[in-house]
Structure formats: structure tokens, C-alpha cells
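Give the three-dimensional model of this entry:
(chains A, B, C and D)
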Protein chains: 2
Amino acid sequence: MTRKDYDEMIELNKIYNEDCLEGMKRIPDGSVDLVLTDPPYGIKYKSNMRTKSPKFEVLANDNNSTRFMVYPEMYRALKDNSVAIVFASWKNYAEDYIELSKYFDIKNVIVWWKHGGGIGDLKHTLLTDYEIAIVCHKGKCKIRGKRCGSVWECNKVNPNKMLHPTQKPEKLLEELIEKYSDSGATVLDCFMGSGTTAIACINTNRNYIGFELDKHYCDIANERIQKALAEKAVGE
Amino acid sequence: MTRKDYDEMIELNKIYNEDCLEGMKRIPDGSVDLVLTDPPYGIKYKSNMRTKSPKFEVLANDNNSTRFMVYPEMYRALKDNSVAIVFASWKNYAEDYIELSKYFDIKNVIVWWKHGGGIGDLKHTLLTDYEIAIVCHKGKCKIRGKRCGSVWECNKVNPNKMLHPTQKPEKLLEELIEKYSDSGATVLDCFMGSGTTAIACINTNRNYIGFELDKHYCDIANERIQKALAEKAVGE
DNA sequence: ACTACGGTTGAATCCTGAA
DNA sequence: GTTCAGGATTCAACCGTAG
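The predicted model follows:
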């Protein structure tokens, strides 16, 4: 398939304001080099609950059933010998692992040690200061660069600068992208949120396809993208 | 129950060379303060533990189903407001999490970052340099000492000094014991291996009950225990 | 460039009351 | 019964500002 044919099905480097289950139908089989996505964990998380005007609303599509329906579509869209990286918390990890195993070979589970945190039951629980990234192989995907361990330390995004309640650091996504894809690759994020995957793609010279149901976050993501492109143009 | 009555059922500070499923029957209900165990997943239990119904005979070689029989016994033996800490690898974590959830409230999952090590598929996988400890609550168990995070760094046992293939560092087990039990507590390890849990109990002034099917490892464990007791006597 | 200090926050958890 | 939604709670770490 030529780039022109491809573009007629779905245009690269755009974020589509629609349900990813609908939009992914337009992605040709086996055409994506990497899936990198952070689905809502199904916990109806509400950040900043104490304040009377919470900064963020509960996420759209925050349930297990939509998340699980996306996984087979991710598999279909992926090229052979590529990976899908899916974020999870320790609470939904077990279910997601089993669900993803139905389609993929899970060959690694990365622990993102984010430090800090610490709300919850202070007397009976430890603070949970990590998240999980499940590395799902379709075929066999080579590691780029040096072979490293599975615990990745990276500081959280500064809460004052957060544009999305579950925003991931750009650096973390860039490292994942570079470890599991080549320059020029096409990266799919089914739950784009504030667009961090797109920014990481711009910074690492990859193409992205993004879906985000919430118009508000689409706008935020597009602003960030414009800014990142402008900064990149200055740098070159 | 007095200590004397208890001792008539099962004696503390001993490692029993038997199948834990048999031995645990002698532990009175709700009498153990902490379970700390690192179950293997390649061990076949005696088939006479299975039901007589022939349809279950098909599962005779299913390691999980036999291993999972220990979890309800652990629950029974535990006091209220106590925890069972069960080690897992990222591969069996999902299944064990779901199985343990049937009996316990899982309130934390600790990542033991052990650094280094790790063979496997060098080209396609990251090295796995952590293990998992699932913290399973029966009731509500208080954290002792300071509230800390869920990623615990601790170096592996020096391979030259290892007496058992999956031996855990004494320091790691001591920290877990001190976080989830008080001095004088009774700690149960259903799969004692080379006896590290017993050593950690001696070093932190806890009592232990241990089971180990392999006579060879029982002997090794008892040697280590004699040595640890002698060292402790010198120190006091 | 540093420290000191006070405000803010956390993919949380519990409890209560309503549906 | 049983799920669901809303409000109160808690501390250590981090951020931003002042000095």
C-alpha cells in the first residue's frame, strides 16, 4: 500500500475526536508499527477531589468493557513483529494481562517507578508509587539500543502543569517509543488524552495516529502539538 | 489456647519435612500472625489430595490448581487483621492475584527491585530484574513503622552463596516481617526452601512454622538455623 | 545559587446514605 | 440485599515563593 492509498483510509499525524473503536476500523490491517496507549483503568478516578471545583472530570470510557474491546483491534492494526504497550495500575493489571494474553505474547512487564504519591488508607496500605506497562508482542519485536532492566525510574509530571489527570511524562513515552520502534514509524494511541504520545512522537521523529473521545482534551492536545512543532522548527 | 495446648498441635520454631497441605492441618484456625511464603510452580503435590471424582484427574499435572489449594489453608490459619505475603513472578502474578482475591483483600503489591541478573531472549526481551510480593489482608493489618512506597530495592543473594535456586535475601524478608508483624509473632512459611524465612524470624525475634517437602533443603535450612542461633547467642 | 517555609496534591480509601 | 455516588480524611513529598 502506498502512502497515498494509506492516507485515503486514515491520515497520519492527526488526533481524531471520536471513539477509537469506530476510528480504528479505518486503520488497514497490519499497518501500525507500535501501539502505545494508556486506557482508563476503570476506577472512576477523580483527581483533586477535595477542592470544590475539581480541575478534572472523570474520564470518558472509563470501564473494562470498552478497554477490552480495543485489544483485538489493536492486534489487527499492528504489523507483525511489533509490540503494543498498554499501561495499567496494579489493580487492573491482572485482568488486563489475562485479556491481552488472548491475542498477544506478553514478553515483558515494565514497572514505571514514579515516586511520590501517597493518599489512601494511611494506616493499612503502602503508598503506590509505580505504574505498569505491559509489553505485548505480535510476533517477535526486537529491542532497540541497549538491553535494559524492567524497572524504569521517571519522575511524575508536575501537578501544576498537568493538563490531564493521568498524564504521563514525555520522557517516559519517548524512551518506550525508541526502545520498540524505528525512526519514521507509525505509532497508534487509542486513548490520546492530552496528547503526550503525539508530543513524544514529534520529539523522536515518528508518525502518530490518535483518538480521543473528549473534545476538550483534543483541543488541548492540538495546542501542545502546535507548540511542539514550532519548537522543533526553531531547533532545526 | 495456651502455648502448651498450641504446642500439642504444632510445635513452633521447627521445619517439618512434609507436604504443607498435610502439615497445615495441624495449625489451629486463626493462630498465625503472618504468612510469608515463596511458592514454587513446578511442584506436583500428592494426587491423594485430589477429589475422587475422575473428572478432576485430568488436571493432575496442572501446577496452579495444586498450588492454589494452599491459599485457603493459609487464610484459615491466619489471625484476623493479619496478612499473607506471597511472592510471584510477573508471569504467574495475574493468575495468583485473581486466585488470592477469592479469599483475601489484596491491598498492596510490592515490587522487589533486585537489580542485575536475567538471561533469556537477549534480542527481544528486557531483563526481568524484579519480583512481586502480593500483600493479602485478612481483615485490616496495620503497617508498622513509617509508611513507605511499594518499590523496594534490595540486592540479590550472591549466586556463589546461594543454597536454593530461588533464595530471597534475608534483609528483604526481615523488612517485610517487621512491616507486617510485631515482635514475638508467629510466622508461617509453607514453602521454606533453604530456610531464609526462619533466619529472618530469628534475626527479628519472631517464631516460625515451616514446611519443606525436600529433605535436602530441610537439612540445609536446619544447618543455617543452628548457625544463626549460635551467632545470636554470641551477640547477646 | 542556596535554604526555609507554607500551600498543594496524590490513577486513594472509607463510610454513609440513597437508589 | 446491592450497587453507586459524594464527602471527609490523611501525610509525606514536591513546588513555588520569599528571604
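
Could you report the pLDDT at A:Cys136?
Turning to A:Cys136, the model gives it a pLDDT of 98.

Assumed A:Pro28 was part of a strand.
No. Assigned with DSSP: H, G, I helix; E, B strand; the rest coil, A:Pro28 falls outside any strand and is coil.

Need the pLDDT of it.
Value for A:Pro28, per-residue pLDDT: 96.

how close does the residue nearest to it when sequence neighbours are not counted sit to A:Arg144?
Leaving out its chain neighbours, the residue that sits closest to A:Pro28 by Cβ to Cβ, 6 or more residues apart in numbering or on different chains is A:Met9, at 5.6 Å. Where C-beta positions appear, they are placed from N, C-alpha and C, glycine not excepted. Distance of A:Met9 to A:Arg144, given as Cβ to Cβ, to the nearest Å: 28 Å.

Against chain B, how distant is the residue nearest to A:Pro28?
30 Å (Cβ to the nearest Cβ, to the nearest Å).

mind checking which helix or strand A:Met49 is in?
Using DSSP states H and E, A:Met49 sits within no helix or strand.

how close does it sit to A:His115?
22 Å.

These two: who's more crowded?
The residue with more neighbours, out of A:Met49 and A:His115, is A:His115; 14 against 8, by other Cβ atoms under 10 Å in any protein chain shown.

For that one, give me its contacts.
Counting by Cβ atoms under 8 Å, 6 or more residues apart in numbering or on different chains, A:His115 makes contact with A:Asp129, A:Glu153, A:Asn155, A:Lys156, B:Gly149.

Now, of the residues you listed, which are buried?
Among the contacts of A:His115, the ones that count as buried by 16 or more other Cβ atoms under 10 Å in any protein chain shown are A:Asp129, A:Lys156, B:Gly149.

so which of those comes closest to B:His137?
Comparing these against B:His137 with Cβ to Cβ places B:Gly149 closest, at 18.2 Å.

Find the nearest non-adjacent residue to that closest one, please.
A:Asp129 (4.1 Å).

Same question for A:Gly118.
Nearest non-adjacent residue to A:Gly118, counting by Cβ to Cβ, 6+ apart: A:Leu127, 3.8 Å away.

tell me, how many neighbours does the one you found end up with?
For A:Leu127, using other Cβ under 10 Å, the count is 18.

Quick check: the residue nearest the centre of chain A vs A:Lys138, distance?
By Cα atoms, centre = their mean, chain A has its centre lying nearest to A:Thr37, at 2.3 Å. Going from A:Thr37 to A:Lys138 by Cβ to Cβ gives 15 Å.

mind listing the strands for chain A?
For chain A, the strands defined by DSSP state E occupy A:14-16, A:32-37, A:78-88, A:105-113, A:130-138, A:151-153, A:186-189, A:207-211.

Quick check: which of those strands is nearest to A:Glu95?
Once those are compared by Cβ to Cβ, strand A:78-88 is nearest, at 8.7 Å.

gap between the closest one and the chain center?
Distance of strand A:78-88 from its chain centroid, counting by Cα atoms, centre = their mean, to the nearest Å, is 11 Å.

For that strand, name the packing helices and strands.
strand A:32-37, helix A:64-77, helix A:90-101, strand A:130-138, helix A:170-180 (3 or more Cβ pairs under 8 Å, 6 or more residues apart in numbering or on different chains; DSSP states H and E).

Turn these into TSV, columns for distance to B:His216.
Below are the helices and strands packed on strand A:78-88 laid out as TSV (distance: least, Cβ to Cβ, whole Å):
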stretch	distance to B:His216
strand A:32-37	47
helix A:64-77	45
helix A:90-101	34
strand A:130-138	37
helix A:170-180	42
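
ok, A:Leu36 - contacts?
A:Ala84, A:Ile85, A:Leu173, A:Leu176, A:Ile177, A:Val187, A:Leu188, A:Asp189, A:Thr197, A:Ala200.

For those residues, which entry has the maximal number of neighbours?
Using other Cβ under 10 Å as the neighbour criterion, A:Thr197 leads the contacts of A:Leu36 with 32 neighbours.
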